[in-house]
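> give me the fold of what follows.
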Amino acid sequence: MTGNNDVQLKAIAHSDLEDMALLANNPAIAANLRDSFPSPYSLKDAEEFYALIQQGKIKNVWGIYFKGKIAGVITLTPQSDIYQHSAEIGYWLGAPFHGKGVMSEAVSLLSDYALKEMHLHRIYAGVFAYNIASQKVLMKAGFHLEAIKKQAVIKNGVMHDEHLMVKMNS
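Model prediction:
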């Protein structure tokens, strides 16, 4: 998937794992993600993640590329059963790429693809209340705040509200 501003979503290349690990090894990234995201993040972590993708154990994963260089990762997790019309979007972006519109473009590309090509009706993201930058990214990509879930998450031993951001097929 290719968008404006030199942003492209494509399969992560094995040759990009070292750069990906360097970008991901940032406590500010881990602070805004689930605890399953390793911190510190090593080349071994990147290789294990890549192996899971290659084995088909993790699906719907794209590298975010800016001007041909890996900048981050974006995922889509389709839901099942009565939620089969929905998917959760998740992402991170390396610090050198902040403030360039890269993530807003990546989220727009993937959410539009999911709604049109995958025939999903609803894309959502749970965002920690303190992560204002991510909330702005999602709003620029056409998401809206659907709910604030009070004290829904615990990060680093502290309870936080979670903002449920949603984009739907109209």
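
> so where's the longest helix in the protein?
helix 102-116 (DSSP state H).

> go through it and flag the buried ones.
Across helix 102-116, burial judged by 16 or more other C-beta atoms under 10 Å covers 102-115. C-beta: built from backbone N, CA, C; applies to glycine.

> in CSV: those, plus distance to L17 and pLDDT.
CSV is the format used below for the buried residues of helix 102-116 (distance: C-beta to C-beta, whole Å; pLDDT from 0 to 100):
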residue, distance to L17, pLDDT
V102, 19, 95
M103, 21, 96
S104, 25, 95
E105, 23, 95
A106, 19, 97
V107, 23, 97
S108, 26, 96
L109, 22, 96
L110, 21, 97
S111, 26, 96
D112, 28, 94
Y113, 24, 94
A114, 26, 95
L115, 30, 95
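
> which of these lies closest to W92?
Closest approach between the buried residues of helix 102-116 and W92, by C-beta to C-beta: M103, at 8.8 Å.

> ok, back up a step: give me the helices and strands touching the longest helix of the chain, please.
When contacts are defined as 3 or more C-beta pairs under 8 Å, 6 or more residues apart in numbering; DSSP states H and E, helix 102-116 packs onto strand 7-10, strand 61-66, strand 69-78, strand 86-93, strand 122-128, helix 132-140, strand 158-168.

> neighbours of K149, how many?
Close neighbours of K149, defined as other C-beta atoms under 10 Å, add up to 14.

> then E117?
Neighbours around E117, by other C-beta under 10 Å: 9.

> got the phi and psi for it?
Main-chain torsions, E117, degrees, to the nearest 10: phi -90, psi -30.

> in this protein, where is pLDDT below threshold?
By pLDDT under 70, the weakly predicted segments of the chain are 3-5.

> quickly compare the helices and strands packed on helix 102-116 and say which is most buried.
strand 61-66 (a mean of 22; mean count of other C-beta atoms under 10 Å).
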